[in-house]
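**Student:** Based on what follows, work out the 3D shape:
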Amino acid sequence: QLVESGGGLVQPGGSLRLSCAASAYTFRGNHVAWFRQAPGKVREGVAYISTQGGTITYADSVKGRFIISRDNAENTVYLQLNSLKLEDTAIYYCAAGFDGGSVFRAANYGYWGQGTQVTVS
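**Tutor:** Predicted coordinates for the structure are as follows:
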């Protein structure tokens, strides 16, 4: 089970820190990614981190602004959102249970959280 938190309303240029907490069973040995979905749009991957954090990938749309990290001792993955833009408004989801292939393909993940709303306005 994955539980996201930290979303909210923020002005353009502001920052938020999202958290994704998981059970040890779900978290252990799992790659984790953050996706987002805006109204009427397809869910898109924004950041990915490997099991020990050695490999990190960002979507071009957030590169240089978002930072993904993980604390394996706390079974938590974070997404720091900086320099937020209006177009970053979406529900943000964390995903685990990656079974290979493209890290930003939603179908390649088996576990999902319920999402947390980020509104930039």
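**Student:** only C-alpha atoms for contact and neighbour calcs from this point on.
**Tutor:** Fine.
**Student:** Now do the helices in this structure.
**Tutor:** 24-27 (DSSP state H).
**Student:** Spatially central residue for it, please.
**Tutor:** residue 34 (2.1 Å; CA atoms, centre = their mean).
**Student:** what helices or strands is the lowest-mean-pLDDT helix or strand in the chain leaning on?
**Tutor:** Lowest on mean pLDDT, DSSP states H and E among the helices and strands of the chain sits helix 24-27, with a mean of 76. With contacts defined as 3 or more CA pairs under 8 Å, 6 or more residues apart in numbering; DSSP states H and E, helix 24-27 has these neighbours: strand 90-98.
**Student:** Distance from the least confident helix or strand of the chain to the middle of the chain?
**Tutor:** In terms of CA atoms, centre = their mean, to the nearest Å, the centre of helix 24-27 is set 16 Å apart from its chain centre.
**Student:** Can you tell me what sits against that helix?
**Tutor:** Residues outside helix 24-27 that contact it (CA atoms under 8 Å, 6 or more residues apart in numbering): 1, 2, 72, 75, 76, 96, 97.
**Student:** Extract the C-alpha trace of that helix and format it as CSV.
**Tutor:** Taking C-alpha atoms only, helix 24-27 is exported to CSV below (Å, rounded to 0.1, in the frame of the first residue of the first chain):
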residue,chain,number,x,y,z
ALA,A,24,8.2,-2.4,4.2
TYR,A,25,6.9,-5.2,2.0
THR,A,26,5.8,-2.9,-0.8
PHE,A,27,8.9,-0.6,-0.5
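**Student:** The closest residue to the residue nearest to the centre of the chain other than its chain neighbours: neighbouring residues, count only.
**Tutor:** Closest residue to residue 34 apart from its sequence neighbours, by CA to CA, 6 or more residues apart in numbering: residue 94 at 4.4 Å. Residues within reach of residue 94, counting by other CA atoms under 10 Å, total 30.
**Student:** Fine, thanks again, bye for now.
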